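> Model the structure of this input:
(one chain, ligands or ions: 3)
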Amino acid sequence: MPQEVSAVIARERNAPVEVTTIVVPDPGPGEAVVAVQACGVCHTDLHYREGGISDEYPFLLGHEAAGVVESVGEGVTDVAPGDFVVLNWRAVCGTCRACARGRPWYCFDTHNAAQKMTLLDGTELTPALGIGAFAEKTLVASGQCTKVDPRADPAVAGLLGCGIMAGLGAAINTGGVSRGDSVAVIGCGGVGDAAIAGAALAGAGRIIAVDIDDRKLQTARRFGATHTVDSSGTDPVAAIRELTGGNGADVVIEAVGRPETYEQAFYARDLAGTVVLVGVPTPEMRIDLPLLDVFGRGGSLKSSWYGDCLPSRDFPMLIDLYLQGRLDLAGFVTERIPLDGVEEAFARMHRGDVLRSVVVD
Ligand code: APR
Ligand code: ZN
Ligand code: ZN
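Numbering: from 1, shown residues only. Ligands and ions are numbered 1, 2, ... in the order given. As a prediction, this is how the structure comes out:
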């Protein structure tokens with residue numbers, strides 16, 4: 001039977017979000033209905049609300065979630081009712097060119113549930129990133145569910161579903177940070193701090209946190225930053241060079257998503273160093289770099305998409321490290337809020353007051 005549950009939707013461009021009743025269908029082939037236990041508030045949800053991602057209103061927001069599988073459709077064998085899962089927005093196909101080449105994190109054919117959740121009047125909802133988890137229950141493709149250790153706090157586990165994984169993966173997967181490397185992270189919100197935590201996990205030597213907000217630099221230390229640079233008054237490139245024996249960092253991670261910080265990242269890396277772009281730029285942003293500097297400095301310029309993660313490989317491993325006390329995932333949960341607190345949480349996120357607000361049931 002289709003179920004009626006409470007959920008947070010964005011009905012039209014720039015209108016405040018609202019809590020309303022939605023209809024969740026029974027899972028069809030390859031689908032699962034998940035009882036959501038926790039879902040983090042991310043910039044992407046706000047971008048949907050503001051119309052920056054698509055015009056397919058109404059949106060069912062929320063996508064950094066964990067919960068328990070309630071029911072599965074025909075042919076689902078990877079998860080079963082009762083499983084504790086973290087949701088992901090890139091369920092890989094396993095057969096496309098990227099998957100066939102053994103690089104499933106670049107999968108060109110990721111999938112979501114085929115059926116639509118609706119409003120009571122039958123209006124189809126567009127779930128944020130194919131998830132839509134500011135809801136008591138949601139419908140996803142079974143491949144979007146990754147089983148993890150059920151001893152994990154759902155509010156903590158759900159954060160792996162997006163921004164925190166993006167940051168951790170930018171350091172561990174894309175940046176390939178290894179023992180003793182010097183790492184600089186520009187922008188220390190949730191994503192940048194996760195990159196710092198990832199660099200620490202990988203055994204980096206110096207970890208230099210850069211931000212224009214001094215409060216953020218204090219928090220960055222908690223996740224493993226060994227040095228901090230307030231770039232509101234200092235040239236961060238010079239500061240990073242000075243902290244790395246005049247050389248620049250082996251890996252520089254840009255976690256803001258702006259041309260000026262990308263340029264800083266480019267010049268703050270050592271010869272043959274790696275720059276990782278994890279901050280998401282807008283379509284009109286441009287950079288203008290002398291080609292000779294690209295050539296002369298060598299190394300590599302990479303972007304990191306969803307931390308180049310493979311949920312089935314990375315989520316259980318990171319949850320295990322968190323349960324062992326070796327990864328401070330809980331530190332990213334600034335506050336727990338009810339379903340009707342999302343609009344206010346957007347305001348706190350916008351002001352930079354929180355790493356992550358998490359909706360819990
Ligand atoms: N130089 C250094 N830091 C900056 C600058 C700047 N010019 N401008 C902003 N910042 C800092 C902010 O002070 C803040 O601490 O960047 C941080 C951004 O953090 P959040 O706004 O919390 O964003 P976060 O969730 O971490 O995401 C960062 O990654 O995945 C993407 O879409 C996401 O583009 C966004 C980025
Ligand atoms: Zn694929
Ligand atoms: Zn997100």
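
> what's the distance between stretch 48-60 and the middle of its chain?
18 Å (C-alpha atoms, centre = their mean, to the nearest Å).

> Just confirm yes or no for it near ligand 1.
No: judged by C-beta under 6 Å from any ligand atom, stretch 48-60 stays clear of ligand 1, getting no closer than 10.5 Å. All C-beta atoms are positioned from the backbone trio N, CA, C, and that covers glycine.

> and that stretch, does that touch ligand 3?
No: judged by C-beta under 5 Å from the ion, stretch 48-60 stays clear of ligand 3, getting no closer than 10.2 Å.

> ok, and what's touching that stretch?
For stretch 48-60, the surrounding residues in contact (C-beta atoms under 8 Å, 6 or more residues apart in numbering) are 7-15, 17, 22, 44, 47, 61, 117, 119, 123, 125-128, 132, 134-135, 138, 282, 346.

> What parts of the chain come near ligand 1?
43, 163, 166, 186-192, 210-213, 216, 231, 255-258, 260-261, 278-280, 352.

> hmm, back to that, for PyMOL, what selects the buried ones among the contacts of stretch 48-60?
Listed next is the PyMOL selection for buried residues among the contacts of stretch 48-60, using 16 or more other C-beta atoms under 10 Å:
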select buried, resi 7+8+9+10+17+22+44+61+117+119+125+126+127+128+132+134+135+138+346
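
> can you tell me which of the contacts of stretch 48-60 are in helices?
44, 47, 346 (DSSP state H).

> hang on, the first one packs against Glu64?
No: using C-beta atoms under 8 Å, Thr44 makes no contact with Glu64, being 9.0 Å away.

> who touches both of those two?
Cys162.

> OK, contacts around whichever residue of the stretch 51-200 of the chain sits closest to ligand 1?
Ranked by C-beta to the nearest ligand atom, the top residue of the stretch 51-200 of the chain for proximity to ligand 1 is Gly189, at 2.0 Å. Neighbour list for Gly189: 216, 255, 352, 355 [criterion: C-beta under 8 Å, 6+ apart].

> before we move on, could you check phi and psi at it?
Torsion angles at Gly189 (phi, psi; degrees, to the nearest 10) stand at phi -80, psi -160.

> now the helices: where do they sit in this protein?
Counting by DSSP H, the helices of the chain are 43-50, 97-100, 154-157, 163-169, 190-201, 214-222, 236-243, 259-268, 291-297, 311-323, 342-351.

> and of the ones you listed, who's closest to Ser304?
helix 163-169 (6.2 Å; C-beta to C-beta).

> sorry, back to before: so which of the ones in helices among the contacts of stretch 48-60 reach ligand 3?
Applying C-beta under 5 Å from the ion to the ones in helices among the contacts of stretch 48-60, those adjacent to ligand 3 are Thr44.

> and which of the ones in helices among the contacts of stretch 48-60 is nearest to ligand 3?
Of all these, ligand 3 sits closest to Thr44, with 4.3 Å by C-beta to the ion.

> Residue in the stretch 1-150 of the chain with the shortest distance to ligand 3?
Cys42 (3.0 Å).

> can I assume that residue is in contact with Leu61?
No: using C-beta under 8 Å, Cys42 makes no contact with Leu61, being 9.2 Å away.

> In contact with Gly30, which residues?
So Gly30 contacts 73-76, 111, 114, 141-143 (C-beta under 8 Å, 6+ apart).

> rerun that using 10 Å as the cut-off
With contacts defined as C-beta atoms under 10 Å, 6 or more residues apart in numbering, Gly30 is in contact with 72-76, 78, 91, 111, 113-114, 141-143.

> try Leu243
182, 184, 206, 208, 226-229, 249, 268.

> And for the residue in the stretch 1-150 of the chain that ligand 1 sits nearest to, the neighbour number?
As assessed by C-beta to the nearest ligand atom, ligand 1 sits closest to His43 within the stretch 1-150 of the chain, at 4.7 Å. The local packing of His43 (other C-beta atoms under 10 Å) involves 18 other residues.

> which one is it nearest to, not counting chain neighbours?
Nearest residue to His43 in three dimensions, chain neighbours excluded: Met349, at 6.8 Å (C-beta to C-beta, 6 or more residues apart in numbering).

> same deal with Val76?
Nearest to Val76 is Ser142, by C-beta to C-beta, 6+ apart, at 4.3 Å.

> I'd like to know how far that neighbour sits from ligand 2.
Distance of Ser142 to ligand 2, given as C-beta to the ion, to the nearest Å: 15 Å.

> beta partners of Val185?
Legend: beta-bridge partners of Val185 under DSSP bridges are Ala209, Ile253.

> got the contact list for it?
167, 170-171, 175, 191-199, 207-211, 220, 223-225, 249, 251-255, 265, 276, 278.

> What subset of the contacts of Gly30 is buried?
Using 16+ other C-beta under 10 Å, the buried members of those are 72-73, 76, 78, 91, 111, 113, 141-143.

> Tell me if stretch 324-332 is near ligand 3.
No: Stretch 324-332 stays clear of ligand 3 (C-beta under 5 Å from the ion), getting no nearer than 12.3 Å.
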